[in-house]
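**Student:** Sequence and predicted structure below; questions after.
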Amino acid sequence: MRVITHIMVARQLPHQVLRFIEAYRLIETPGPLVVGVSGGADSMCLLHILHALRDRLGTTLHIAHLNHRLRGAESDADADYVFRMARNLGVPATIEERDVKAYQSEYRCSLEEAAREVRYAFLSEIAESAGARAVAVAHTADDQAETILLHLIRGTGLAGLRGMRPLSKWTLPDGTLITLIRPLLETRRAEIEAYCIANKLEPRLDSSNLSPEFLRNRVRAEIMPKLREYNPNIVESLCRTARIIADDIAYLDEEAARASSSAVEEFAHGLILDNKTLAALPPALGRHVLRSAFGKLVGNLKDIELVHIDAVMEALASPAGKKLSLPFGFTFYGDYEKSALTRGENPLALLPPLSGEHSLRIPGQTPLPGWRVTADVIGGKAQTPAGDGFTAYLDFGLTGADLTVRGRREGDRFCPLGMAEPKKLQDFMVDSKIPRPWRDRVPLVCAHDQIIWVVGWRIDHRFRVTDSTRRMLRLKFELEG
């Protein structure tokens, strides 16, 4: 009975894999296809099936095997085994070795992460040299279930519960993009083992898969058997959940794309976020907008966790001035109406730095760091034109010609237009929602150290133009460059 089962699996599995490839459009155009082969049961089954389907799929296979140099003679024997298998099948193969531990030491990551990144970089290089559009890897339904559990243990959002995708793009640390396809993602490990037996394949056993040092191995050896006691079909249940969530995320992706048009703006070094628009979105959609935007920005979300997205969401609802350090060297700067995600300086601090004290030429032009100031004295009684924020009209009889420009100082006060009593400059800036990064950069025009104009915002009420004004002073600030 056992032999019959193996034979049935051997006959059915290639058709099952073909249907999966076609359903998810994993191979749409003929051409070269790189197959990552470790020598274990999963990758040997994948290679054998893809070799059998090569004419149907229109593919020419190229085997890629990487010796991670982690298991000494055992790793060397794996490489020899893959070489012999490639020769027997008549499939070209590239077999190389890389120092994973050296990579781990250099980039200070876990051994699992180092092995994955080194392996994918190798596969990407082989795909490029072979002219292949994609690399086939041998992740199974059991791997999918374990991955979902790992994400749950570490903490995850919907994207983590979606698990691995049949087709995904992986961005390497150097920015290289690799396309991975997973034809066995709905195939059970038991089916693969039966297929190997029926086809007299003798795959290698990776002893590191038995080591309790790695969390995935402990999930496989300890948690999965326990879960099967409660649900014998736990793998199928978790994979079905992943498929359902993938559909939900596809819908959220569409909604997030629409919401992003008004909530997120890209610039050279990051993103500008509209606080009010994001706050008005349902939390699930707001998180998805942020995650999608960040993913588009960096090309890789593997280090962006739910805790980072939630921290940004919380900061958007916090008082201005919040600052967060995020993966990939990004920083979040929170402000009143807009916030920013950037690798550079805070883009909200658009005003040029202002230091020292500068005398104005009246009338005439005065160059300041980042600014050009034009001063005109207008004779006669006139209606005060509307200013544009950077142009002010003042009573020249009150201001006089001895004016200076400086930044704010501790204890500064002035009497904002429309108010009868002086107010602390700090309080005015907070009430006027002047972004925190701008406050030290806002030019202040002063007469004998009395602030007469907070440039861009308000003049002092006591220096306004009135019916008794005989000469007006017009000041215009223009940004240079």
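**Tutor:** Structure received.

**Student:** can you pull out the strands in the stretch 201-350 of the chain?
**Tutor:** All strands of the stretch 201-350 of the chain, identified by DSSP state E, counting those that start in this stretch, fall at 264-267, 270-274, 323-325, 331-333, 338-342.

**Student:** rank the ones you listed by mean pLDDT and give me the bottom one.
**Tutor:** Confidence, taken as mean pLDDT, is least for strand 264-267 of the strands of the stretch 201-350 of the chain (a mean of 82).

**Student:** counting contacts, what elements does that one pack onto?
**Tutor:** Other helices and strands packing on strand 264-267, by 3 or more Cβ pairs under 8 Å, 6 or more residues apart in numbering; DSSP states H and E, are strand 270-274, helix 283-298. The C-beta positions use only the backbone N, C-alpha and C, and glycine is treated the same way.

**Student:** Pull the last one out as PDB, backbone CA atoms only.
**Tutor:** As requested, C-alpha coordinates have been extracted for helix 283-298 and formatted as PDB (Å, rounded to 0.1, in the frame of the first residue of the first chain):
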ATOM      1  CA  PRO A 283      -6.400  52.500  11.500                       C
ATOM      2  CA  ALA A 284      -6.100  49.400   9.300                       C
ATOM      3  CA  LEU A 285      -5.900  51.500   6.200                       C
ATOM      4  CA  GLY A 286      -3.600  54.100   7.700                       C
ATOM      5  CA  ARG A 287      -1.100  51.400   8.700                       C
ATOM      6  CA  HIS A 288      -1.300  49.900   5.300                       C
ATOM      7  CA  VAL A 289      -0.700  53.300   3.600                       C
ATOM      8  CA  LEU A 290       2.400  53.800   5.700                       C
ATOM      9  CA  ARG A 291       3.700  50.200   5.100                       C
ATOM     10  CA  SER A 292       3.100  50.400   1.400                       C
ATOM     11  CA  ALA A 293       4.700  53.900   1.200                       C
ATOM     12  CA  PHE A 294       7.700  52.700   3.200                       C
ATOM     13  CA  GLY A 295       8.000  49.500   1.000                       C
ATOM     14  CA  LYS A 296       8.000  51.600  -2.100                       C
ATOM     15  CA  LEU A 297      10.600  53.900  -0.700                       C
ATOM     16  CA  VAL A 298      13.100  51.200   0.400                       C
END
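
**Student:** and the angle for it with strand 270-274?
**Tutor:** 160 degrees (axes from the mean of the first three to the mean of the last three Cα atoms, to 10 degrees).

**Student:** follow-up on the earlier one: select, out of the helices and strands packed on strand 264-267, the one closest to R218.
**Tutor:** Closest of the helices and strands packed on strand 264-267 to R218 is helix 283-298, at 28.5 Å (criterion: Cβ to Cβ).

**Student:** Show me what the closest one is in contact with.
**Tutor:** Contacts with helix 283-298, where a contact means Cβ atoms under 8 Å, 6 or more residues apart in numbering, come from 157-159, 171, 249, 252-253, 255-257, 259-260, 263-264, 266, 270-271, 273, 278-279, 281, 301, 304, 306, 309-310, 312-313, 328, 330, 341.

**Student:** what does stretch 470-481 give?
**Tutor:** Contacts of stretch 470-481 (Cβ under 8 Å, 6+ apart): 352, 360, 362, 367, 370-382, 384, 390-397, 399, 443, 445, 453, 455-456, 465.

**Student:** Only the buried residues of that stretch, if you could.
**Tutor:** Residues of stretch 470-481 classed as buried: 472-475, 477 (neighbour count, 16 or more other Cβ atoms under 10 Å).

**Student:** Same check on stretch 16-24?
**Tutor:** Residues of stretch 16-24 classed as buried: 16-18, 20-21, 24 (neighbour count, 16+ other Cβ under 10 Å).

**Student:** for the chain, which helix is longest?
**Tutor:** Longest helix of the chain, by residue count under DSSP state H: helix 234-263.

**Student:** Next, the buried residues of it.
**Tutor:** 234-235, 238-239, 242, 245-246, 249, 252, 256, 259-260, 263.

**Student:** still on that earlier bit, for E191, find the nearest of the helices and strands packed on strand 264-267.
**Tutor:** Among the helices and strands packed on strand 264-267, helix 283-298 comes nearest to E191, with 33.3 Å by Cβ to Cβ.

**Student:** what does the domain assignment say about the chain?
**Tutor:** With domains defined by automatic domain parsing, the chain comprises 2-139+182-230, 252-342, 357-479.

**Student:** Distance to H151 added to those domains, as JSON lines?
**Tutor:** Formatted as JSON lines, the domains of the chain follow (distance: least, Cβ to Cβ, whole Å):
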{"stretch": "domain 2-139+182-230", "distance to H151": "11"}
{"stretch": "domain 252-342", "distance to H151": "10"}
{"stretch": "domain 357-479", "distance to H151": "36"}
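
**Student:** How many residues are close by the nearest residue to L13 once chain neighbours are set aside?
**Tutor:** Spatial nearest neighbour of L13, excluding adjacent residues (Cβ to Cβ, 6 or more residues apart in numbering): Y195 at 5.1 Å. For Y195, the tally of surrounding residues (other Cβ atoms under 10 Å) stands at 24.
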